[in-house]
Each structure stands twice: as C-alpha cells, then as structure tokens.
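>>> got a sequence here, can you build the structure:
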Amino acid sequence: MTAGPVLLPTDGSACAEQARPYAERLAAALGVPLLAVRIELAPFSVTAFVGPLVSANDVAADLRLPLGDGAAGGDGAGTSPPAPPVVVRYAGDPARGICAYAAEAGVGLIVMSTHGRRGASRLLLGSVAETVLRRAPCPVLVVPSTSDATCTAAALDGALVLAADDLTDAAASALREGARLAGLLGGTLDVLHVVEPPYVPAPYGLLPPEAFSLETVIPRIKAALATRAAKARVPVRYHVRAGDPADAIAEAAREGGAALVVVGSHGRQGVDRVLMGSTAEALVRQAPCPVLVVRPLVPSPPPA
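Predicted coordinates:
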C-alpha cells in the first residue's frame, strides 16, 4: 500500500456502511485521510468513454477535503461524526467511477462492502465490488455484508491477521502488508500455506498413499515461510494445511478467530492475468471476516 488516503465508496445503504468502521480504523492506523465517496451515475453522453465529469481534485477542493495530507476522517474510536461523502458524478458504471477516482486521488487502499443496494441475500459478490477488485489500482479490503460482520475500532486492536502465502511473488506482497497491518494494529500474524492435493487425470487412477506425504514437506514449507517473513516485527506463527486453498484459508480464519485475512490477487494462475486469481475471488465470497486483496508490486519503468 502507498501512503495515499483510504477510500470508502458508499451508496448510503446499511450494507455499504458496514465497511466504514474498518475504513476509519485503518486510516487512523496508517495516518492518512479517509475519503468517503458516493459515486452517482450521470446521464449518458460521449464523456462515458472519456472519464469523470467532475474530477476528484475539483470536488475535494470545493469541500476543502485533503487528498494527500492531513489527519484521518476519524479518531479511530468512533467519537467523531462521519463526514458526508464526496459526491462524484460519473458517466459509466459505479465500479469504473470508483477505480477512476482512486487512481486520480492517489488512493492507497479501498475499503468497501461486498454489496450495497444490490441485495444482502446474494451469495456471490455484488457486481460493483467484484469489478473494483479486478480493476482497482491499489489494494482492496472487502468487508462481508452479513449481520454478524460488524466492527468497532477496538475489535481490530491487537487482532490476529492471517496472511496466505503460496510462495509466489503475489503472496510476498500480501505477506508484507499483513505483517505491516499487524504491527500497526498491535496484533499478531499467522502465515498459512495450503498444499493442494496432486491432480491426476481419472484414466491414470489414484496415486498410492506413499506417493505424497504432507508430514514430510511441512518442515521445509515452514522454513521457507519463516525466511519470507523474517522482517516481520510482530509475533508470527506458521501453519500448513492441505486442501482447496480458498476453503482451507477460510476455515483457518474461522478456527483461529482472525479479524483480517490478507491474500495476493493471484498466485499460480499467473501474474499477468487481468482478472483475480480463482483463490482470491472464492475466498472473498466465503471468508468469515474482511479480506484484503493485494496485487504484487510492479517495478517502476526505468527513466527514458
């Protein structure tokens, strides 16, 4: 994550507002402003193919909202009333407006609910959240909009952060962010690696039990995880499970009481994919707590 502000997209619904306590607490922990933004659709015009009708800088200047400097939008304890959201009219879909605003304002983190007015009974991600996850220029924290997914500032303090590490570059970025957030929140870090069962085409038959033993590889996996998390300045525990990655991560979060899960946007699916990896997408849909989806760091191009 960069040092930019935390962006809270909201449509004013109860589901969307469930993400606000997380946004306020993380903005306070990171020491950056909180920008609450309401994206409204403008009438169709040719500008739909150009970009925002009103720029983030123009709106923020009119409302005297800082974009890069200043304190967060709350004190993290819920004592200050939330500021009214900036209203940005955008010719296009809301997700496109959120991503465009985030890019223009130099946002370092987007915090949003899985769905707003599209219905709390949906099993899948709301289309807005799903599109933002795929297109956002920064990490996205997705808060499940369920009746028990409430949060106060105190709930995050000293909390357990679970970082999934599949030993790829994407997971390395997630691991760094997980350790950073655990430190800022005064919490602890659990690092989990999931070993997927070997796939064998049906005509080949089943592998004999002795062909693969999880117990024989656990020490080496934990050693590799410890090396990757060596710079973490918080207490760290290492875990290895077998099974489907999304299922295993969600189960570990549930059993361990994690307050936050951090995962890379793609792992073995390839860092050049436009869409999220299947593991991250499935995990966001079933995790019992908020999930932070982090993209791998992209080196800056050399100067011309």
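>>> what's the local residue count around Asp166?
Neighbour count of Asp166, defined by other C-beta atoms under 10 Å: 21. Glycine gets a C-beta too; all of them are placed from N, C-alpha and C.
>>> quick one: secondary structure of it?
Local secondary structure at Asp166 is given as coil here, using DSSP: H, G, I helix; E, B strand; the rest coil.
>>> gap between it and Ala174?
Using C-beta to C-beta, to the nearest Å, Asp166 is found at 9 Å from Ala174.
>>> common neighbours of the two, please.
Gly264 (C-beta atoms under 8 Å, 6 or more residues apart in numbering).
>>> dig out what Asp190 forms beta bridges with.
Per DSSP bridges, the residues bridged to Asp190 are Leu162, Arg237.
>>> repeat for the one 4 residues further on
On the basis of DSSP bridges, Val194 is bridged to Arg241.
>>> am I right that it is in contact with Glu251?
No: with contact defined as C-beta atoms under 8 Å, Val194 does not reach Glu251; the gap is 9.9 Å.
>>> among those two, which residue is more densely surrounded?
The neighbour comparison of Val194 against Glu251 (other C-beta under 10 Å) goes to Val194, with 23 against 18.
>>> just the element for Ala36, please.
strand 34-41 (DSSP states H and E).
>>> would you mark the buried spots in that strand?
34-39 (16 or more other C-beta atoms under 10 Å).
>>> now do stretch 176-190
176-185, 187-190.
>>> looking at the residues you listed, which are in strands?
Those of the buried residues of stretch 176-190 mapping onto strands are 188-190, per DSSP state E.
>>> nearest to Gly97 among those residues?
Leu189 (34.5 Å; C-beta to C-beta).
>>> please name the nearest non-neighbouring residue to the closest one.
In space, and not counting its chain neighbours, Leu189 is closest to Ala182: 4.4 Å by C-beta to C-beta, 6 or more residues apart in numbering.
>>> isn't the one you found up against Gly158?
No: between Ala182 and Gly158 there is no contact under C-beta under 8 Å: 9.6 Å.
>>> what are the boundaries of the strands in the stretch 201-304 of the chain?
Along the stretch 201-304 of the chain, counting by DSSP state E, counting those that start in this stretch, strands occupy 236-242, 260-264, 291-294.
>>> so which of those comes closest to Cys138?
With C-beta to C-beta as the criterion, Cys138 lies closest to strand 291-294 of these, at 9.1 Å.
>>> just the CA atoms of the closest one, as CSV, please.
Once non-C-alpha atoms are left out, strand 291-294 reads as follows in CSV (Å, rounded to 0.1, in the frame of the first residue of the first chain):
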residue,chain,number,x,y,z
VAL,A,291,-10.3,-9.9,3.2
LEU,A,292,-7.5,-7.6,1.9
VAL,A,293,-6.6,-8.4,-1.7
VAL,A,294,-3.2,-7.2,-2.6
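>>> so what are the sheet partners of that strand and their directions?
For strand 291-294, pairing defined by DSSP bridges yields strand 140-143 (antiparallel), strand 260-264 (parallel).
>>> make CSV from the ones in strands among the buried residues of stretch 176-190 and add distance to Val107 to it.
Shown next, in CSV, are these (distance: C-beta to C-beta, whole Å):
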residue, distance to Val107
Thr188, 28
Leu189, 25
Asp190, 28
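>>> so, low pLDDT: which residues of the stretch 51-200 of the chain?
In the predicted model of the stretch 51-200 of the chain, residues 51-85, 88-92, 115-126, 146-154, 199-200 satisfy pLDDT under 70.
>>> 50 instead, please
Applying pLDDT under 50 to the stretch 51-200 of the chain flags residues 51-54, 58-79, 116-125, 147, 149-150.
>>> tell me where it has helices.
Ranges of helices within the stretch 51-200 of the chain are 56-62, 94-104, 127-135, 153-156, 169-184, based on DSSP state H, counting those that start in this stretch.
>>> need those in JSON lines (columns: distance to Pro9).
Below are the helices of the stretch 51-200 of the chain laid out as JSON lines (distance: least, C-beta to C-beta, whole Å):
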{"stretch": "helix 56-62", "distance to Pro9": "12"}
{"stretch": "helix 94-104", "distance to Pro9": "5"}
{"stretch": "helix 127-135", "distance to Pro9": "7"}
{"stretch": "helix 153-156", "distance to Pro9": "20"}
{"stretch": "helix 169-184", "distance to Pro9": "20"}
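>>> tell me how many other residues surround the closest residue in space to Pro288 that isn't next to it in sequence.
The shortest distance from Pro288 to any residue other than its chain neighbours is 4.7 Å, reached at Arg254 (C-beta to C-beta, 6+ apart). Using other C-beta under 10 Å, Arg254 has 13 other residues around it.
>>> all good on my end, thank you.
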